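In: dropping a prediction and its sequence here:
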Amino acid sequence: MLELLQKYALRFAWLRKPVFYVLMAMVIVFAATMLFSGSGSEDLLLIPAILLFVWFLLLFSFLNLFAHVPERVREGRLFARLFGSLKRGFYHLFAIVMVGITVAVVVTTYQMVMVWLYMYVF
């Protein structure tokens, strides 16, 4: 599983800089919305900026975290194998946490989009 995640992280490694630029743009949009909006009716871009920031932060984290997965250690000293297995175990834990965070972000995105639609469209 880790090798598959590493393959995808390396395949899309060219996206790191554009994703980082979008992250910074969403921070600027968020700050501008907070500074220059006088009332709740002028906060039209606040929820989309937050959601885009969270999604792109998740993508940026994935691209950086799984780009350097340690190789399996099959031979060598006991401590080298143990240390290698421990590092890979942490990457498995990170993968499980990343799935949990993604599910939470999907649910939060649905809820926030419904609130945004209710506030500004309907």
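Out: Nice, thanks for sending it over.
In: what is the longest helix of the chain by residue count?
Out: Assignment by DSSP state H gives helix 78-120 as the longest helix of the chain.
In: so for the residue of the chain most remote from its centre, what's the pLDDT?
Out: Taking Cα atoms, centre = their mean, the residue of the chain most remote from its mean C-alpha position is R77, at 36.3 Å. Looking at R77, its pLDDT reads 89.
In: that one and R88, how far apart?
Out: Taking Cβ to Cβ, to the nearest Å as the criterion, R77 is separated from R88 by 17 Å. C-beta coordinates here come from the backbone N, C-alpha and C atoms, glycine included.
In: do the same with M98
Out: Counting by Cβ to Cβ, the separation of M98 from R88 is 15 Å.
In: now do V54
Out: Going from V54 to R88 by Cβ to Cβ gives 28 Å.
In: for P18, same thing?
Out: P18 is 30 Å from R88, by Cβ to Cβ.
In: when those two are compared, which one has more neighbours?
Out: In terms of neighbours (other Cβ atoms under 10 Å), R88 is the more surrounded of P18 and R88; the figures are 16 against 10.
In: ok, now which ones touch that one?
Out: When contacts are counted by Cβ atoms under 8 Å, 6 or more residues apart in numbering, R88 touches 2, 69-70, 72.
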